[in-house]
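S.K.: Mind folding the following:
(one chain, ligands or ions: 1)
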Amino acid sequence: MRRNTWILTPLFVTAIVVACGIALFAPRVALAHAVLVSSQPGANSTVSGPEVAVLLKYSSRVDLEHSTLTLLDPDGKVEKVAIESEPSPGLLSAKLTGLVKGAYVLRWQVLATDGHITRGKVPFQVK
Ligand SMILES: [Cu+2]
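M.R.: Numbers count the residues shown, from 1 in each chain. Okay, here's the model as predicted:
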């Protein structure tokens, strides 16, 4: 019995340290890279053209110089969209102009301050 206790104790301590390490560290890693929290236009929403203001809110600050927006129009043409500004950390603004009726996909790629690139898309309709 006593010998078993001596063998198990270091393992048990190691297990606790590892579990705590995961519990403390994992959420920080998950929060550090930029995840899209909300968008305007909203995903799968319908908006009025021909001008649409874009606001993309991320979970962390992003590097504007290494972040890109592109727009896929109803004809299948892809166009680069200029990011206008970052009104607050992690919030990107842009303006879409000359939109016609149809289905669009706004694609985003951002570089977060932790060095991770995330990307995604926001499909929307113009009525
Ligand atoms: Cu990250």
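S.K.: What separation do you get for the most centrally placed residue in the chain and Val126?
M.R.: What sits nearest the mean C-alpha location of the chain, by Cα atoms, centre = their mean, is Val35, with 2.6 Å. Distance, Val35 to Val126, using Cβ to Cβ, to the nearest Å: 26 Å. Backbone N, C-alpha and C define where each C-beta goes, glycine included.
S.K.: beta partners for Ala103?
M.R.: Following DSSP bridges, Ala103 is listed with bridge partners Gln125.
S.K.: Please tell me I have it right and Leu106 contacts Ala53.
M.R.: No. Leu106 is beyond contact range of Ala53, at 11.9 Å (criterion: Cβ atoms under 8 Å).
S.K.: that older thread, which residues touch the residue nearest to the centre of the chain?
M.R.: Applying Cβ atoms under 8 Å, 6 or more residues apart in numbering to Val35 gives the contacts 58-60, 118.
S.K.: what helices or strands is whatever helix or strand Val37 lives in leaning on?
M.R.: Assessed by DSSP states H and E, Val37 sits inside strand 36-40. With contacts defined as 3 or more Cβ pairs under 8 Å, 6 or more residues apart in numbering; DSSP states H and E, the packing partners of strand 36-40 are strand 52-58, strand 117-126.
S.K.: So which of the ones you listed is nearest the ion?
M.R.: For the helices and strands packed on strand 36-40, proximity to the ion was assessed by Cβ to the ion; strand 117-126 is nearest, at 7.6 Å.
S.K.: Show me what the closest one is packed up against.
M.R.: Under the contact definition 3+ Cβ pairs under 8 Å, 6+ apart, strand 117-126 sits against strand 36-40, strand 45-47, strand 102-112.
S.K.: pLDDT of the last one, averaged?
M.R.: Strand 102-112 shows a mean pLDDT of 97 in the predicted model.
S.K.: which one of the helices and strands packed on strand 117-126 lies closest to Leu91?
M.R.: Among those, strand 36-40 comes nearest to Leu91, with 9.4 Å by Cβ to Cβ.
S.K.: Near the ion, which residues of the protein are found?
M.R.: Neighbours of the ion within the chain, by Cβ under 5 Å from the ion: 32-33, 114, 116.
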